[in-house]
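Asks: got a predicted structure plus its sequence, pasted below:
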Amino acid sequence: MICERLRLPDGSTAIVCRDRGRGPRCQWGGCKSPAVAECDYPMGAGTCSARVCRRHCLAVGPADDRCPDHARELLELVGGSL
Ligand SMILES: [Zn+2]
Ligand SMILES: [Zn+2]
């Protein structure tokens, strides 16, 4: 939950809380954890764009995250495992 103090036009303040849980969810095998990234694996004109949570996301670069499927492909290339 993120709470923010907002200043209203009449000078008073209000606390507004947002539930992060309502954001996008990990679409990996019914995981349903809050998604933290989208897969950046290049596919055709765009990217895979699968939404993944912290656990299912593999960062392969500063702005390059992969879903487990595409992380596996990459890991096989370097001989590692997830
Ligand atoms: Zn997940
Ligand atoms: Zn992917």
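Replies: Thanks, I have it. Ligands and ions are numbered 1, 2, ... in the order given.
Asks: mind telling me what element Leu77 is part of?
Replies: With secondary structure defined by DSSP states H and E, Leu77 is part of helix 68-78.
Asks: flag every buried residue along that helix.
Replies: Counting neighbours by 16 or more other Cβ atoms under 10 Å, one finds that the buried residues in helix 68-78 are 68, 70-71, 75. For every residue, glycine as well, the C-beta is placed using N, CA and C.
Asks: likewise stretch 58-71?
Replies: Of the residues in stretch 58-71, those scored as buried under the neighbour-count criterion (16+ other Cβ under 10 Å) are 58, 60, 65-68, 70-71.
Asks: likewise for stretch 6-25?
Replies: For stretch 6-25, the neighbour count (16+ other Cβ under 10 Å) marks Arg25 as buried.
Asks: now stretch 31-48
Replies: With burial defined by 16+ other Cβ under 10 Å, the residues of stretch 31-48 counted as buried are 31, 35-41, 47-48.
Asks: chain center to stretch 36-56, what's the gap?
Replies: Distance of stretch 36-56 from its chain centroid, counting by Cα atoms, centre = their mean, to the nearest Å, is 8 Å.
Asks: how about it and ligand 2, any contact?
Replies: Yes - figure legend: stretch 36-56 in contact with ligand 2 (Cβ under 5 Å from the ion); contacting residues 39, 41, 48, 50.
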